[in-house]
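Chemist: Starting from these lines, generate the structure:
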Amino acid sequence: MDDFFTTDDPTEAVNEVAPGAPLAERLRPRKLDEVVGQDHLVGEGGSLSRMIGVGKLSSIIFWGPPGTGKTTLARLLATETDLRFKAISAVFSGVADLKKVFAEAEQRQQTGQKTLLFVDEIHRFNRSQQDSFLPFVEKGTVTLVGATTENPSFELNAALLSRTQVLILNRLDSAALSQLLCKAEELEGTTLPLTTNAWEALIASADGDGRFLLNQAETLFSLQIDEPLDPQELAKLLHRRMAVYDKDREGHYNLISALHKAMRGSDPQASLYYLARMLVAGEEPLYVLRRIVRFASEDIGLADPQALVQALAAKDAYQFLGSPEGELAIAQACLYCATAPKSNAAYAAQKSAWRSARQTGSLMPPQNILNAPTKLMKDIGYGADYSYDHETDEGFSGDNYWPEEMEPQQFYAPVDRGFEHKIRERLEYWEKLKSEKSR
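Modeler: The predicted structure is shown next:
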(Lines give C-alpha, C1' and ligand atoms only; values in the text may rest on other atoms or scores of the structure.)
Protein backbone atom coordinates (compact mmCIF):
# COMPACT_ATOMS: atom_id res chain seq x y z
CA MET A 1 0.00 0.00 0.00
CA ASP A 2 1.23 3.53 -0.72
CA ASP A 3 2.43 5.69 2.16
CA PHE A 4 -0.08 8.35 3.15
CA PHE A 5 0.77 11.74 4.58
CA THR A 6 -0.52 15.27 4.83
CA THR A 7 1.42 18.30 3.72
CA ASP A 8 0.70 22.00 3.63
CA ASP A 9 2.88 22.35 0.55
CA PRO A 10 1.32 20.47 -2.33
CA THR A 11 4.64 20.27 -4.16
CA GLU A 12 6.10 18.22 -1.31
CA ALA A 13 3.65 15.46 -2.16
CA VAL A 14 5.59 14.61 -5.28
CA ASN A 15 9.04 16.15 -4.86
CA GLU A 16 10.29 14.76 -1.57
CA VAL A 17 11.60 11.19 -1.47
CA ALA A 18 12.79 9.74 1.82
CA PRO A 19 16.36 8.36 1.92
CA GLY A 20 16.44 4.67 1.13
CA ALA A 21 12.94 4.80 -0.37
CA PRO A 22 11.83 1.82 -2.47
CA LEU A 23 12.54 1.89 -6.18
CA ALA A 24 8.85 2.36 -6.98
CA GLU A 25 8.81 5.51 -4.84
CA ARG A 26 12.01 6.87 -6.31
CA LEU A 27 10.59 6.37 -9.82
CA ARG A 28 7.24 7.95 -8.99
CA PRO A 29 6.48 10.52 -11.73
CA ARG A 30 7.01 14.17 -10.79
CA LYS A 31 4.98 15.52 -13.69
CA LEU A 32 1.86 14.33 -15.47
CA ASP A 33 3.69 13.73 -18.73
CA GLU A 34 5.92 11.21 -16.96
CA VAL A 35 2.99 8.90 -16.17
CA VAL A 36 3.12 5.76 -18.31
CA GLY A 37 0.26 3.72 -19.69
CA GLN A 38 -2.50 6.28 -19.14
CA ASP A 39 -2.29 8.49 -22.21
CA HIS A 40 -6.09 8.62 -22.45
CA LEU A 41 -6.02 10.63 -19.21
CA VAL A 42 -2.77 12.60 -19.27
CA GLY A 43 -1.95 12.74 -22.97
CA GLU A 44 -2.99 15.46 -25.37
CA GLY A 45 -6.76 15.80 -25.13
CA GLY A 46 -6.91 13.48 -22.12
CA SER A 47 -9.52 14.02 -19.40
CA LEU A 48 -7.06 15.20 -16.77
CA SER A 49 -5.08 17.27 -19.25
CA ARG A 50 -8.26 19.15 -20.21
CA MET A 51 -9.21 19.77 -16.56
CA ILE A 52 -5.81 21.21 -15.77
CA GLY A 53 -5.82 23.18 -19.00
CA VAL A 54 -8.96 25.08 -18.00
CA GLY A 55 -7.88 25.30 -14.36
CA LYS A 56 -10.93 23.48 -13.02
CA LEU A 57 -10.53 20.15 -11.26
CA SER A 58 -13.73 18.27 -10.48
CA SER A 59 -14.08 15.48 -7.93
CA ILE A 60 -12.94 12.19 -9.40
CA ILE A 61 -13.12 8.46 -8.81
CA PHE A 62 -10.12 6.60 -10.23
CA TRP A 63 -11.09 3.02 -11.07
CA GLY A 64 -8.38 0.60 -12.11
CA PRO A 65 -6.26 -2.42 -11.20
CA PRO A 66 -3.51 -2.23 -8.54
CA GLY A 67 -0.25 -0.57 -9.51
CA THR A 68 -1.58 1.56 -12.35
CA GLY A 69 -0.89 5.01 -10.85
CA LYS A 70 -4.02 6.08 -8.97
CA THR A 71 -2.15 7.53 -5.96
CA THR A 72 0.48 9.12 -8.17
CA LEU A 73 -2.10 10.89 -10.29
CA ALA A 74 -3.84 12.25 -7.20
CA ARG A 75 -0.56 13.70 -5.89
CA LEU A 76 0.26 15.23 -9.27
CA LEU A 77 -3.19 16.81 -9.51
CA ALA A 78 -2.65 18.49 -6.14
CA THR A 79 0.63 19.91 -7.41
CA GLU A 80 -0.80 21.09 -10.74
CA THR A 81 -3.76 22.86 -9.09
CA ASP A 82 -2.02 24.23 -5.96
CA LEU A 83 -4.26 22.27 -3.65
CA ARG A 84 -3.24 21.01 -0.22
CA PHE A 85 -2.82 17.24 -0.51
CA LYS A 86 -4.47 15.12 2.17
CA ALA A 87 -4.58 11.33 1.87
CA ILE A 88 -6.43 8.73 3.90
CA SER A 89 -7.12 5.04 3.45
CA ALA A 90 -10.61 3.67 3.93
CA VAL A 91 -9.02 0.52 5.33
CA PHE A 92 -7.59 2.36 8.36
CA SER A 93 -9.96 5.33 8.74
CA GLY A 94 -13.31 5.70 10.46
CA VAL A 95 -15.91 8.35 11.20
CA ALA A 96 -13.66 10.21 13.66
CA ASP A 97 -10.88 10.47 11.06
CA LEU A 98 -13.29 11.81 8.45
CA LYS A 99 -14.66 14.45 10.83
CA LYS A 100 -11.13 15.61 11.57
CA VAL A 101 -10.24 15.79 7.88
CA PHE A 102 -13.35 17.79 7.04
CA ALA A 103 -12.83 20.18 9.96
CA GLU A 104 -9.24 20.86 8.86
CA ALA A 105 -10.37 21.39 5.29
CA GLU A 106 -13.03 23.92 6.40
CA GLN A 107 -10.46 25.87 8.43
CA ARG A 108 -8.05 26.01 5.51
CA GLN A 109 -10.83 27.00 3.11
CA GLN A 110 -11.41 30.09 5.27
CA THR A 111 -7.80 31.09 4.69
CA GLY A 112 -8.12 30.55 0.94
CA GLN A 113 -6.36 27.18 0.84
CA LYS A 114 -8.41 24.42 -0.73
CA THR A 115 -7.84 20.71 -0.15
CA LEU A 116 -7.54 17.72 -2.45
CA LEU A 117 -8.67 14.75 -0.38
CA PHE A 118 -7.39 11.46 -1.73
CA VAL A 119 -9.25 8.40 -0.41
CA ASP A 120 -7.66 5.06 -1.23
CA GLU A 121 -9.92 1.99 -1.33
CA ILE A 122 -12.92 4.31 -1.10
CA HIS A 123 -15.29 1.41 -1.78
CA ARG A 124 -14.46 0.04 1.67
CA PHE A 125 -16.35 2.89 3.33
CA ASN A 126 -19.94 1.90 4.13
CA ARG A 127 -22.94 3.76 2.73
CA SER A 128 -23.31 6.23 5.59
CA GLN A 129 -19.59 7.01 5.55
CA GLN A 130 -19.77 7.65 1.80
CA ASP A 131 -22.74 9.95 2.36
CA SER A 132 -20.67 12.04 4.77
CA PHE A 133 -18.57 13.28 1.84
CA LEU A 134 -21.54 14.81 0.02
CA PRO A 135 -21.96 18.21 1.75
CA PHE A 136 -18.22 18.92 1.68
CA VAL A 137 -17.92 17.99 -2.00
CA GLU A 138 -20.97 20.12 -2.86
CA LYS A 139 -19.64 23.17 -0.96
CA GLY A 140 -16.20 22.77 -2.50
CA THR A 141 -14.57 22.29 0.90
CA VAL A 142 -12.68 19.36 -0.59
CA THR A 143 -11.99 18.18 -4.09
CA LEU A 144 -12.46 14.45 -3.66
CA VAL A 145 -10.24 12.00 -5.51
CA GLY A 146 -11.19 8.44 -4.66
CA ALA A 147 -9.39 5.31 -5.79
CA THR A 148 -10.90 1.87 -6.14
CA THR A 149 -10.11 -1.44 -7.77
CA GLU A 150 -13.82 -2.35 -7.72
CA ASN A 151 -16.61 -1.33 -10.08
CA PRO A 152 -17.87 2.01 -8.69
CA SER A 153 -21.40 1.39 -9.96
CA PHE A 154 -21.59 -1.61 -7.61
CA GLU A 155 -19.63 -0.30 -4.63
CA LEU A 156 -20.32 3.45 -4.38
CA ASN A 157 -23.50 5.34 -3.53
CA ALA A 158 -25.41 6.76 -6.47
CA ALA A 159 -25.42 10.15 -4.75
CA LEU A 160 -21.63 10.17 -4.52
CA LEU A 161 -21.23 8.95 -8.10
CA SER A 162 -23.49 11.75 -9.35
CA ARG A 163 -21.10 14.31 -7.85
CA THR A 164 -17.92 12.79 -9.22
CA GLN A 165 -16.45 11.85 -12.56
CA VAL A 166 -15.34 8.24 -12.92
CA LEU A 167 -12.04 7.90 -14.78
CA ILE A 168 -10.79 4.43 -15.70
CA LEU A 169 -7.11 3.59 -15.44
CA ASN A 170 -5.87 0.95 -17.83
CA ARG A 171 -4.01 -2.15 -16.82
CA LEU A 172 -0.40 -1.42 -17.81
CA ASP A 173 0.44 -3.17 -21.06
CA SER A 174 3.78 -4.72 -22.00
CA ALA A 175 5.05 -1.51 -23.59
CA ALA A 176 4.30 0.56 -20.48
CA LEU A 177 5.85 -2.03 -18.16
CA SER A 178 8.93 -2.26 -20.38
CA GLN A 179 9.21 1.53 -20.21
CA LEU A 180 9.17 1.31 -16.40
CA LEU A 181 12.00 -1.23 -16.42
CA CYS A 182 14.06 1.00 -18.71
CA LYS A 183 13.54 3.93 -16.33
CA ALA A 184 14.60 1.69 -13.44
CA GLU A 185 17.80 0.68 -15.23
CA GLU A 186 18.57 4.32 -16.00
CA LEU A 187 18.04 5.31 -12.36
CA GLU A 188 20.16 2.45 -11.02
CA GLY A 189 22.87 2.96 -13.62
CA THR A 190 22.95 -0.72 -14.54
CA THR A 191 21.00 -3.29 -16.51
CA LEU A 192 18.87 -6.06 -15.13
CA PRO A 193 20.64 -9.44 -15.20
CA LEU A 194 18.11 -11.02 -17.54
CA THR A 195 18.03 -12.60 -20.97
CA THR A 196 15.53 -11.21 -23.45
CA ASN A 197 13.11 -14.05 -22.73
CA ALA A 198 13.48 -13.56 -18.98
CA TRP A 199 12.83 -9.82 -19.39
CA GLU A 200 9.57 -10.67 -21.13
CA ALA A 201 8.73 -13.28 -18.48
CA LEU A 202 9.27 -10.70 -15.72
CA ILE A 203 6.89 -8.30 -17.45
CA ALA A 204 4.29 -11.03 -17.92
CA SER A 205 4.52 -11.97 -14.23
CA ALA A 206 3.55 -8.42 -13.23
CA ASP A 207 0.05 -8.90 -14.65
CA GLY A 208 -0.23 -5.18 -15.46
CA ASP A 209 0.89 -4.01 -11.99
CA GLY A 210 3.72 -1.47 -12.28
CA ARG A 211 4.44 -1.35 -8.54
CA PHE A 212 4.83 -5.12 -8.36
CA LEU A 213 7.15 -5.09 -11.38
CA LEU A 214 9.41 -2.46 -9.84
CA ASN A 215 9.52 -4.33 -6.54
CA GLN A 216 10.67 -7.44 -8.39
CA ALA A 217 13.22 -5.42 -10.33
CA GLU A 218 14.53 -3.93 -7.07
CA THR A 219 15.12 -7.44 -5.76
CA LEU A 220 17.12 -8.31 -8.87
CA PHE A 221 19.20 -5.12 -8.63
CA SER A 222 20.06 -5.91 -5.01
CA LEU A 223 21.47 -9.35 -5.80
CA GLN A 224 24.96 -10.08 -7.05
CA ILE A 225 24.14 -11.94 -10.27
CA ASP A 226 27.05 -12.50 -12.64
CA GLU A 227 25.32 -14.10 -15.63
CA PRO A 228 21.92 -13.13 -17.10
CA LEU A 229 19.09 -15.30 -15.85
CA ASP A 230 16.87 -17.25 -18.21
CA PRO A 231 13.10 -17.60 -17.51
CA GLN A 232 13.54 -20.85 -15.56
CA GLU A 233 16.25 -19.40 -13.34
CA LEU A 234 14.18 -16.26 -12.82
CA ALA A 235 11.18 -18.34 -11.76
CA LYS A 236 13.31 -20.14 -9.15
CA LEU A 237 14.64 -16.85 -7.81
CA LEU A 238 11.38 -14.89 -7.60
CA HIS A 239 8.13 -16.08 -6.14
CA ARG A 240 5.42 -16.70 -8.69
CA ARG A 241 2.71 -14.05 -8.73
CA MET A 242 -0.81 -15.51 -8.41
CA ALA A 243 -3.55 -14.31 -10.73
CA VAL A 244 -5.52 -11.32 -9.49
CA TYR A 245 -8.91 -12.76 -8.71
CA ASP A 246 -11.34 -11.96 -5.90
CA LYS A 247 -14.16 -14.47 -5.78
CA ASP A 248 -16.71 -11.95 -4.50
CA ARG A 249 -15.54 -9.00 -6.59
CA GLU A 250 -15.89 -7.78 -10.13
CA GLY A 251 -13.02 -9.92 -11.50
CA HIS A 252 -15.07 -12.97 -10.56
CA TYR A 253 -18.12 -11.76 -12.49
CA ASN A 254 -16.06 -10.60 -15.44
CA LEU A 255 -14.52 -14.03 -15.95
CA ILE A 256 -17.71 -16.04 -15.52
CA SER A 257 -19.40 -13.65 -17.96
CA ALA A 258 -16.56 -14.13 -20.43
CA LEU A 259 -16.82 -17.92 -20.07
CA HIS A 260 -20.58 -17.84 -20.64
CA LYS A 261 -20.30 -15.55 -23.67
CA ALA A 262 -17.49 -17.59 -25.22
CA MET A 263 -19.49 -20.82 -24.90
CA ARG A 264 -22.57 -19.07 -26.31
CA GLY A 265 -20.43 -17.82 -29.19
CA SER A 266 -19.29 -21.42 -29.93
CA ASP A 267 -15.62 -20.63 -29.34
CA PRO A 268 -14.20 -23.69 -27.54
CA GLN A 269 -10.68 -22.25 -27.37
CA ALA A 270 -11.69 -19.03 -25.60
CA SER A 271 -14.13 -20.98 -23.42
CA LEU A 272 -11.35 -23.28 -22.23
CA TYR A 273 -9.10 -20.27 -21.60
CA TYR A 274 -11.58 -18.51 -19.32
CA LEU A 275 -12.37 -21.78 -17.57
CA ALA A 276 -8.65 -22.20 -16.91
CA ARG A 277 -8.35 -18.60 -15.70
CA MET A 278 -11.01 -19.22 -13.07
CA LEU A 279 -9.84 -22.61 -11.86
CA VAL A 280 -6.14 -21.71 -11.82
CA ALA A 281 -6.97 -18.60 -9.76
CA GLY A 282 -8.76 -20.71 -7.17
CA GLU A 283 -12.43 -20.50 -8.10
CA GLU A 284 -14.66 -23.14 -6.53
CA PRO A 285 -15.09 -25.81 -9.25
CA LEU A 286 -18.68 -26.52 -8.22
CA TYR A 287 -19.56 -22.87 -8.84
CA VAL A 288 -18.24 -23.16 -12.39
CA LEU A 289 -20.15 -26.42 -12.85
CA ARG A 290 -23.40 -24.80 -11.69
CA ARG A 291 -22.93 -22.13 -14.35
CA ILE A 292 -22.20 -24.72 -17.05
CA VAL A 293 -25.32 -26.70 -16.06
CA ARG A 294 -27.35 -23.50 -16.29
CA PHE A 295 -25.78 -22.74 -19.67
CA ALA A 296 -26.74 -26.18 -20.97
CA SER A 297 -30.42 -25.36 -20.42
CA GLU A 298 -30.36 -21.63 -21.18
CA ASP A 299 -28.26 -21.53 -24.34
CA ILE A 300 -28.48 -25.06 -25.75
CA GLY A 301 -31.70 -26.56 -24.45
CA LEU A 302 -33.33 -29.04 -26.79
CA ALA A 303 -31.00 -28.19 -29.66
CA ASP A 304 -28.81 -30.83 -27.99
CA PRO A 305 -30.48 -32.44 -24.94
CA GLN A 306 -27.21 -34.28 -24.20
CA ALA A 307 -25.59 -31.00 -23.12
CA LEU A 308 -27.45 -31.03 -19.80
CA VAL A 309 -26.57 -34.71 -19.37
CA GLN A 310 -22.90 -33.96 -20.00
CA ALA A 311 -22.89 -31.03 -17.58
CA LEU A 312 -24.51 -33.05 -14.79
CA ALA A 313 -22.18 -35.97 -15.48
CA ALA A 314 -19.22 -33.59 -15.10
CA LYS A 315 -20.61 -32.51 -11.74
CA ASP A 316 -20.84 -36.14 -10.62
CA ALA A 317 -17.36 -36.94 -11.92
CA TYR A 318 -15.82 -33.95 -10.14
CA GLN A 319 -17.55 -34.80 -6.85
CA PHE A 320 -16.27 -38.38 -7.22
CA LEU A 321 -12.68 -37.56 -8.21
CA GLY A 322 -12.04 -34.12 -6.73
CA SER A 323 -9.21 -31.83 -7.90
CA PRO A 324 -7.18 -31.97 -10.01
CA GLU A 325 -8.38 -35.20 -11.70
CA GLY A 326 -12.04 -34.16 -11.75
CA GLU A 327 -11.27 -30.88 -13.47
CA LEU A 328 -10.84 -32.77 -16.75
CA ALA A 329 -14.57 -33.59 -16.64
CA ILE A 330 -15.33 -29.87 -16.20
CA ALA A 331 -13.20 -29.08 -19.24
CA GLN A 332 -15.02 -31.79 -21.20
CA ALA A 333 -18.42 -30.35 -20.31
CA CYS A 334 -17.21 -26.85 -21.19
CA LEU A 335 -15.99 -28.02 -24.61
CA TYR A 336 -19.20 -29.99 -25.24
CA CYS A 337 -21.33 -26.93 -24.51
CA ALA A 338 -19.12 -24.63 -26.57
CA THR A 339 -19.33 -26.92 -29.62
CA ALA A 340 -23.02 -27.88 -29.29
CA PRO A 341 -25.75 -26.34 -31.49
CA LYS A 342 -27.27 -23.35 -29.67
CA SER A 343 -30.87 -22.46 -28.91
CA ASN A 344 -32.42 -20.30 -26.23
CA ALA A 345 -35.92 -21.39 -27.25
CA ALA A 346 -36.52 -23.31 -24.01
CA TYR A 347 -35.24 -20.37 -21.97
CA ALA A 348 -37.42 -17.89 -23.84
CA ALA A 349 -40.42 -20.24 -23.60
CA GLN A 350 -40.02 -20.58 -19.85
CA LYS A 351 -39.88 -16.81 -19.31
CA SER A 352 -42.89 -16.26 -21.57
CA ALA A 353 -44.97 -19.01 -19.95
CA TRP A 354 -44.20 -17.74 -16.45
CA ARG A 355 -45.23 -14.24 -17.50
CA SER A 356 -48.50 -15.52 -18.95
CA ALA A 357 -49.25 -17.57 -15.82
CA ARG A 358 -48.85 -14.49 -13.64
CA GLN A 359 -51.13 -12.44 -15.92
CA THR A 360 -53.96 -14.98 -16.35
CA GLY A 361 -54.32 -16.02 -12.72
CA SER A 362 -56.48 -19.08 -11.89
CA LEU A 363 -58.29 -19.85 -15.13
CA MET A 364 -59.91 -23.30 -15.14
CA PRO A 365 -58.57 -25.83 -17.66
CA PRO A 366 -61.20 -27.26 -20.06
CA GLN A 367 -63.42 -29.83 -18.33
CA ASN A 368 -62.65 -32.67 -20.71
CA ILE A 369 -59.04 -32.93 -19.46
CA LEU A 370 -59.93 -32.83 -15.76
CA ASN A 371 -59.93 -35.97 -13.62
CA ALA A 372 -63.30 -37.06 -12.21
CA PRO A 373 -62.62 -39.17 -9.10
CA THR A 374 -66.15 -38.59 -7.68
CA LYS A 375 -69.67 -39.11 -9.07
CA LEU A 376 -70.48 -35.44 -8.61
CA MET A 377 -67.51 -34.42 -10.73
CA LYS A 378 -68.57 -36.85 -13.46
CA ASP A 379 -72.13 -35.54 -13.32
CA ILE A 380 -71.02 -31.93 -13.90
CA GLY A 381 -68.89 -32.89 -16.91
CA TYR A 382 -65.36 -33.45 -15.60
CA GLY A 383 -63.51 -35.74 -18.03
CA ALA A 384 -66.40 -35.91 -20.48
CA ASP A 385 -65.47 -36.52 -24.14
CA TYR A 386 -61.76 -36.79 -23.37
CA SER A 387 -59.84 -38.10 -26.36
CA TYR A 388 -57.21 -40.68 -25.43
CA ASP A 389 -54.40 -39.88 -27.85
CA HIS A 390 -52.98 -43.40 -27.92
CA GLU A 391 -56.24 -44.70 -29.37
CA THR A 392 -55.98 -42.50 -32.47
CA ASP A 393 -54.25 -43.63 -35.65
CA GLU A 394 -51.59 -40.92 -35.42
CA GLY A 395 -51.23 -41.01 -31.61
CA PHE A 396 -52.45 -37.41 -31.67
CA SER A 397 -55.97 -36.20 -30.91
CA GLY A 398 -55.55 -32.50 -31.65
CA ASP A 399 -57.82 -31.55 -28.72
CA ASN A 400 -57.84 -28.09 -27.18
CA TYR A 401 -56.03 -27.95 -23.81
CA TRP A 402 -56.35 -24.23 -23.12
CA PRO A 403 -58.81 -22.50 -20.75
CA GLU A 404 -61.95 -21.32 -22.54
CA GLU A 405 -61.21 -17.70 -21.60
CA MET A 406 -57.73 -17.84 -23.12
CA GLU A 407 -56.52 -18.03 -26.69
CA PRO A 408 -53.86 -20.70 -27.36
CA GLN A 409 -50.36 -19.30 -26.94
CA GLN A 410 -47.03 -20.12 -28.54
CA PHE A 411 -44.28 -20.00 -25.92
CA TYR A 412 -41.86 -22.50 -27.41
CA ALA A 413 -40.50 -21.81 -30.89
CA PRO A 414 -37.73 -24.31 -31.70
CA VAL A 415 -34.94 -23.14 -33.91
CA ASP A 416 -33.84 -24.87 -37.09
CA ARG A 417 -30.60 -26.15 -35.51
CA GLY A 418 -29.53 -29.40 -33.93
CA PHE A 419 -32.17 -31.69 -32.44
CA GLU A 420 -34.66 -28.81 -32.37
CA HIS A 421 -34.86 -29.09 -36.14
CA LYS A 422 -36.54 -32.47 -35.59
CA ILE A 423 -38.80 -31.03 -32.89
CA ARG A 424 -39.82 -28.23 -35.22
CA GLU A 425 -40.76 -30.69 -37.95
CA ARG A 426 -42.80 -32.68 -35.41
CA LEU A 427 -44.68 -29.60 -34.20
CA GLU A 428 -45.44 -28.57 -37.77
CA TYR A 429 -46.77 -32.06 -38.49
CA TRP A 430 -49.05 -31.97 -35.44
CA GLU A 431 -50.27 -28.52 -36.39
CA LYS A 432 -51.14 -29.85 -39.83
CA LEU A 433 -53.09 -32.75 -38.29
CA LYS A 434 -54.93 -30.39 -35.97
CA SER A 435 -55.87 -28.16 -38.89
CA GLU A 436 -57.22 -31.19 -40.84
CA LYS A 437 -59.27 -32.45 -37.88
CA SER A 438 -60.88 -29.04 -37.38
CA ARG A 439 -62.29 -28.90 -40.94
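
Chemist: Domain parsing of the chain, as residue ranges.
Modeler: 6-168, 174-237, 250-339, 366-437 (automatic domain parsing).

Chemist: Quick one: closest of the ones you listed to residue 350.
Modeler: domain 366-437 (7.8 Å; CB to CB). All C-beta spots, glycine's among them, are computed from the backbone N, C-alpha and C.

Chemist: From the chain's centre, how far out is that closest one? Work that out for me.
Modeler: On the basis of CA atoms, centre = their mean, to the nearest Å, domain 366-437 sits 46 Å off its chain's mean C-alpha point.

Chemist: Export the domains of the chain as CSV, with columns for mean pLDDT.
Modeler: Shown next, in CSV, are the domains of the chain (pLDDT from 0 to 100):
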stretch, mean pLDDT
domain 6-168, 88
domain 174-237, 91
domain 250-339, 93
domain 366-437, 90
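
Chemist: Select, out of these, the one closest to residue 357.
Modeler: domain 366-437 (10.2 Å).

Chemist: Contacts only, for the spatially most central residue of the chain.
Modeler: Using CA atoms, centre = their mean, the residue of the chain that lies closest to the mean C-alpha position is residue 254, 2.8 Å off. Contacts for residue 254 (CB atoms under 8 Å, 6 or more residues apart in numbering) come out as none.

Chemist: Doesn't it lie inside a strand?
Modeler: No: counting by DSSP: H, G, I helix; E, B strand; the rest coil, residue 254 is not found in a strand; it is helix.

Chemist: For it, give its distance to residue 274.
Modeler: 9 Å (CB to CB, to the nearest Å).

Chemist: Then residue 121?
Modeler: 27 Å.

Chemist: So for those two, which residue has more residues nearby?
Modeler: residue 274 (22 against 18; other CB atoms under 10 Å).

Chemist: surely the more buried one meets residue 267?
Modeler: No: applying CB atoms under 8 Å, one finds residue 274 not in contact with residue 267, separated by 9.8 Å.

Chemist: Make a markdown table out of the domains of the chain and add distance to residue 358.
Modeler: Below are those laid out as a markdown table (distance: least, CB to CB, whole Å):
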| stretch | distance to residue 358 |
| --- | --- |
| domain 6-168 | 29 |
| domain 174-237 | 47 |
| domain 250-339 | 20 |
| domain 366-437 | 13 |
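
Chemist: To residue 352, which of those domains lies closest?
Modeler: domain 366-437 (4.5 Å).

Chemist: Surely residue 117 is in a strand?
Modeler: Yes: secondary structure of residue 117 (three-state DSSP): part of a strand.

Chemist: how about it, what does it touch?
Modeler: With CB under 8 Å, 6+ apart, residue 117 has these contacts: 86-88, 101, 105, 142-145.

Chemist: what does residue 187 give?
Modeler: 23, 26-27.

Chemist: Could you rerun that using 7 Å?
Modeler: Neighbouring residues of residue 187 by CB atoms under 7 Å, 6 or more residues apart in numbering: 26-27.

Chemist: same thing with the one 4 residues further on?
Modeler: Applying CB under 7 Å, 6+ apart, we find residue 191 in contact with residue 185.

Chemist: Give me the three-state assignment for it.
Modeler: Relying on three-state DSSP, one would call residue 191 coil.

Chemist: Could you measure from it over to residue 220?
Modeler: Residue 191 is 10 Å from residue 220, by CB to CB.

Chemist: and what of residue 346?
Modeler: 56 Å.

Chemist: can you check residue 287 too?
Modeler: Where residue 220 is concerned, residue 287 sits at a distance of 38 Å (CB to CB).

Chemist: So for those two, which sits in the more crowded spot?
Modeler: Taking neighbours as other CB under 10 Å, residue 287 and residue 220 compare with residue 220 leading, 20 against 13.

Chemist: you'd agree the more buried one is up against residue 188?
Modeler: No: with contact defined as CB atoms under 7 Å, residue 220 does not count as touching residue 188 (9.9 Å).
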